[in-house]
Structures are given as structure tokens and as C-alpha cells.
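>>> Here's my sequence, what's the structure:
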Amino acid sequence: MMAGNALLFSETRAQQLFLQANPGIGMSYKSGDVEALVKLLVFCIQEKQQLAEMKRKSWNSAASAYNWEQEKKKLQAIVNAQTQKNN
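Here you go, the predicted structure:
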């Protein structure tokens, strides 16, 4: 996402939830449905403006939430909690 790429997801529960929480960052297809995947790829090739919008939204989501600066805070909180618990 930090590379600014639109995302194509197979439709697992976790990926569907991620797309719902981050609308417009990409699209999904039924897992194993090769024809549906091909249609999404063709869409991305043909609809350059919509692809650019998905890429922008993907990068924005990564810049604001899904990056090391944000994730390290969560990790530090876990480590700190465990350290305090063990003291």
C-alpha cells in the first residue's frame, strides 16, 4: 500500500472486512474465479482514472494507518504492558 498500488483481493472474510474499512483502495473477486480476476485486471488496464483513484486511496490509507510509524506504537504498547506485568 505504501507503494501506492491498488489492491486486488480474493474474497476471504478478513479481506472483505479490510476493504469495508478502507473503501476504494481496490477490488475483490471470488477466490478461485480466474475469469473474475481477469475482468478486474482488464478493468484496471482500461479504466486508468479509476485505477489512479484506487492507488491514491490505497496510499492515503497506508500513510495514515498501515505503516511502521503507526504499527510500532501498538507493538510498543504490548511490550510495555508485558514488561510492567513481569515486574
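>>> Every contact and neighbour count from this point should use C-alpha atoms.
OK.
>>> What values do phi and psi take at Asn22?
phi -130, psi 70 (degrees, to the nearest 10).
>>> Please list all residues in contact with it.
Counting by C-alpha atoms under 8 Å, 6 or more residues apart in numbering, Asn22 touches Ser61.
>>> got it, and Gln70?
Counting by C-alpha under 8 Å, 6+ apart, Gln70 touches Ser64.
>>> rerun that using 7 Å as the cut-off
Gln70 is in contact with no residue at all, counting by C-alpha atoms under 7 Å, 6 or more residues apart in numbering.
>>> Model confidence score at it, please.
What the model reports for Gln70 is a pLDDT of 85.
>>> gap between the host helix or strand of it and the chain center?
Applying DSSP states H and E as the criterion places Gln70 in helix 68-86. Centroid separation for helix 68-86 versus its chain: 23 Å, with C-alpha atoms, centre = their mean, to the nearest Å.
>>> which residues in this protein form helices?
Using DSSP state H, the helices of the chain run over 13-21, 34-46, 48-64, 68-86.
>>> Could you save the ones you listed as a markdown table and add columns showing distance to Ala6?
Compiled in a markdown table, the helices of the chain are given as follows (distance: least, C-alpha to C-alpha, whole Å):
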| stretch | distance to Ala6 |
| --- | --- |
| helix 13-21 | 11 |
| helix 34-46 | 9 |
| helix 48-64 | 4 |
| helix 68-86 | 19 |
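>>> related to what we said a few turns ago, could I get the helix holding Gln70 in CSV with only the CA atoms?
Output of helix 68-86 as CSV, limited to C-alpha atoms (Å, rounded to 0.1, in the frame of the first residue of the first chain):
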residue,chain,number,x,y,z
TRP,A,68,5.5,1.3,10.7
GLU,A,69,5.1,4.6,12.5
GLN,A,70,1.6,3.6,13.5
GLU,A,71,2.2,-0.1,14.0
LYS,A,72,5.2,0.4,16.2
LYS,A,73,3.0,2.2,18.7
LYS,A,74,0.9,-0.9,19.0
LEU,A,75,4.0,-3.1,19.4
GLN,A,76,5.5,-0.7,22.0
ALA,A,77,2.2,-0.8,24.0
ILE,A,78,2.2,-4.6,24.0
VAL,A,79,5.9,-4.8,25.1
ASN,A,80,5.4,-2.1,27.7
ALA,A,81,2.4,-3.9,29.1
GLN,A,82,4.2,-7.2,29.3
THR,A,83,7.3,-5.6,30.9
GLN,A,84,5.1,-4.0,33.6
LYS,A,85,3.3,-7.2,34.1
ASN,A,86,6.5,-9.1,34.7
